[in-house]
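Asks: here is the input, now give the coordinates:
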Amino acid sequence: MSIGLLGSSLIQIYWFNWSMRQQESRFDTNVIEALNKVEEKLSAIEAKAPLDILNTLNHAPPLMIQQEIAEFVHESGMVNKETHKNLSSLNDSLFKSDKLISLLDPMDNWRRQSTYWEILDEQRRYNPPDISERIDPKKLTQFIKEELENRGIDLPYQYGVIQASDTSFIIINGNYVVGNMDESEASHVDNPQSRNLFNSKYQVALYRSDVHNSPGWLKLHFPNKKGWLWYSLLPTMLAAILFTSLILFCFSYTIHVILRQKKVSEMKTDFINNMTHEFKTPIATISLAADSIASPKVISDETKINRFIGIIRQENKRMLQQVEKVLQMAQIDKKDFQLKIADVDLHELIRQAVDHLSLQVHKRDGKIITHLDAGQPVVQGDQTHLSNVIHNLLDNANKYSETAPDIVINTFNLNGGIQIDVEDKGIGMTKEDQKHIFDKFYRVHTGNLHDVKGFGLGLSYVKAITSAHEGSIDVKSELGKGSKFSIYLPLRQKNIK
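Replies: As a prediction, this is how the structure comes out:
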């Protein structure tokens, strides 16, 4: 499954890269097409102007032809004073030729147009117009915007017009940047913005049909092209990431469940092993006592019979307590139990538990110190269950002390309740153990080691009973230095059935 998920992720990454390249290729094609269309429109405007004048000439009186040609050449902006002077001398020679007769004939349109094109060609040959005089920046801006929008390209861009023989822009973003006394620094390619525009791969030669002049170049730059390309693929990418994340989540959750089930299975196995060990000793003791009673030497001795019967009863009671503990946990898990609420003196329960455990502690040269400082030790609760809670905590403090037990019990009132702290200087716990210490069947010592007796139900039971009394339990522990369990119980139950 891991290999399949990894393979799927690699395929999606490859597909994203391929889609990005395809999207960029389509983008490049559309931009180049738009630039070519803009160039065609600019060329069409320049080609249309002479035709408009010729149309005027066709309808003009014959004697006005020379005047109209002169005015057109002058008013079109394509001729300066020096060129006009050259044309004047050219006109003199033209009108002295045989073509003057043809020009004065309004019916001979073909000859009239030929003469006009000869004049225009002579004008360009003597003084070709600058490209800045041939382009209207407003129309150029309009054409670029229209062609890009027609192809679905809607993102910020920069454009500029540069002559092929120069490295300075003459038009940038619809504004002239040369020809003034204070020439703009933006026109030079040393400027970062102009450098990006100058190095852009989106360019087209202007007036490509002009055979006499080196054409200028129209350049286009998109500062946010990468972001726009990613944004165009965003819906598909989000969908792919969403489904991949969903698959990854399901995979992770499955692994988590498998590991958790494995852990639960191990804890149940430990529980069965520990329970078997706990029952094995009393069963063996009962079996041995029963065999002894059946012995002919013992059956006639009433004192020995009574002693063996007492052993059987004690071991039987011990097994019964263990079974009851397991059954109680089953009931608590199903919430199939009811607390017998009554006023309970916790100080009295603590004293009883200390008296019960003191013999075992003293045998190990240990001690139990109590600081019962709570002014209000009486709470509403189930006396039996609360007594079991205190016994469990003291029993754990004793069992998990490798050397002589040193147990301290503190009580004090806090926030309308009472807190009980049971602190020992035993083996302590790791951070990981503290996370699971209240889980059912969990034991710090797992496996088939039985140096510490128990089923792993004690602290789970303690937490369940504390929660049932609307209280809480907390643990602070350090490995090798001991543990401290703190139980908080309210003095009065809010929900008493």
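
Asks: contacts, neighbours, all on C-alpha from now
Replies: Noted.

Asks: need the contact list for Val378.
Replies: 343-346, 491 (CA atoms under 8 Å, 6 or more residues apart in numbering).

Asks: also Val475?
Replies: 434, 483-486.

Asks: filter those residues down to the ones in helices?
Replies: Judged by DSSP state H, the subset of the contacts of Val475 located in helices is Gln434.

Asks: out of the contacts of Val475, the closest to Lys48 would be?
Replies: Gln434 (89.0 Å; CA to CA).

Asks: tell me the helix or strand right after the longest helix seen in the chain.
Replies: Ranked by residue count under DSSP H, the longest helix found in the chain is helix 234-294. Sequence-wise, the next helix or strand beyond helix 234-294 is helix 296-299, with elements assigned using DSSP states H and E.

Asks: related to what we said a few turns ago, now, of the contacts of Val378, which are buried?
Replies: Using 16 or more other CA atoms under 10 Å as the burial test, the contacts of Val378 include 344, 346, 491 as buried.

Asks: pLDDT at the second one, what is it?
Replies: Read that as Leu346. Confidence at Leu346, expressed as pLDDT, is 95.

Asks: now the one 5 residues further on
Replies: Note on Arg351: pLDDT of 93.

Asks: and it, that's in a helix?
Replies: Yes - per DSSP: H, G, I helix; E, B strand; the rest coil, Arg351 lies within a helix segment.

Asks: as a markdown table, the buried ones among the contacts of Val378 with distance to Arg26 and secondary structure would be great.
Replies: Output for the buried ones among the contacts of Val378, formatted as a markdown table (distance: CA to CA, whole Å; DSSP: H, G, I helix; E, B strand; the rest coil):
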| residue | distance to Arg26 | secondary structure |
| --- | --- | --- |
| Val344 | 82 | strand |
| Leu346 | 81 | helix |
| Leu491 | 76 | coil |
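
Asks: any chance of those residues in CSV, with distance to Leu372 too?
Replies: Below are the buried ones among the contacts of Val378 laid out as CSV (distance: CA to CA, whole Å):
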residue, distance to Leu372
Val344, 15
Leu346, 10
Leu491, 16
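
Asks: among the contacts of Val475, which one has the lowest pLDDT?
Replies: Where pLDDT dips furthest among the contacts of Val475: Gln434, at 85.

Asks: for that one, give its distance to Asp424.
Replies: 15 Å (CA to CA, to the nearest Å).

Asks: give me the more crowded residue out of those two.
Replies: Neighbours were tallied for Gln434 and for Asp424 using other CA atoms under 10 Å; the higher tally belongs to Asp424 (25 against 18).

Asks: quick check: mean pLDDT of stretch 268-288?
Replies: The model assigns stretch 268-288 a mean pLDDT of 78.

Asks: pLDDT weak spots in the protein?
Replies: In the predicted model, the chain carries pLDDT under 70 at residues 1-2, 5, 49-129, 165-167, 178-193, 210-215, 333-336, 441, 443-457, 495-497.

Asks: show me the domain layout of it.
Replies: According to automatic domain parsing, the chain comprises the domains 2-128, 134-232, 249-331, 338-490.

Asks: which one of the buried ones among the contacts of Val378 sits closest to Asp365?
Replies: For those, the nearest to Asp365 is Leu346 (26.5 Å; CA to CA).

Asks: what ranges does the chain have for its strands?
Replies: Using DSSP state E, the strands of the chain run over 158-163, 169-172, 175-176, 202-205, 216-221, 341-345, 367-372, 378-382, 406-414, 417-423, 472-478, 482-490.

Asks: what pairs with the second one, and is each one parallel or antiparallel?
Replies: In this case it means strand 169-172. Strand 169-172 pairs in its sheet with strand 158-163 (antiparallel), strand 175-176 (antiparallel), by DSSP bridges.

Asks: who wins for proximity to Ala397 among those strands?
Replies: strand 158-163 (77.9 Å).

Asks: rewinding a little: and which of the contacts of Val378 is nearest Leu357?
Replies: Leu346 (16.4 Å).

Asks: which ones are touching the closest residue to the closest one other than its chain neighbours?
Replies: Setting aside the residues directly before and after it, Leu346 is nearest to Pro377 in space (CA to CA, 6 or more residues apart in numbering), at 5.5 Å. Applying CA under 8 Å, 6+ apart to Pro377 gives the contacts 345-347, 413, 418.

Asks: format the residues you listed as JSON lines; extra columns: distance to Thr281.
Replies: As requested, the contacts of Pro377 are arranged in JSON lines below (distance: CA to CA, whole Å):
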{"residue": "Asp345", "distance to Thr281": "36"}
{"residue": "Leu346", "distance to Thr281": "34"}
{"residue": "His347", "distance to Thr281": "34"}
{"residue": "Asn413", "distance to Thr281": "43"}
{"residue": "Ile418", "distance to Thr281": "39"}
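
Asks: and the residues you listed, which is closest to Asn30?
Replies: Ile418 (78.0 Å).

Asks: what's opposite that closest one in the beta bridge?
Replies: Counting by DSSP bridges, the residues bridging with Ile418 are Asn413, Leu489.

Asks: distance to Ala239 added to the domains of the chain, as CSV?
Replies: Formatted as CSV, the domains of the chain follow (distance: least, CA to CA, whole Å):
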stretch, distance to Ala239
domain 2-128, 11
domain 134-232, 13
domain 249-331, 15
domain 338-490, 37
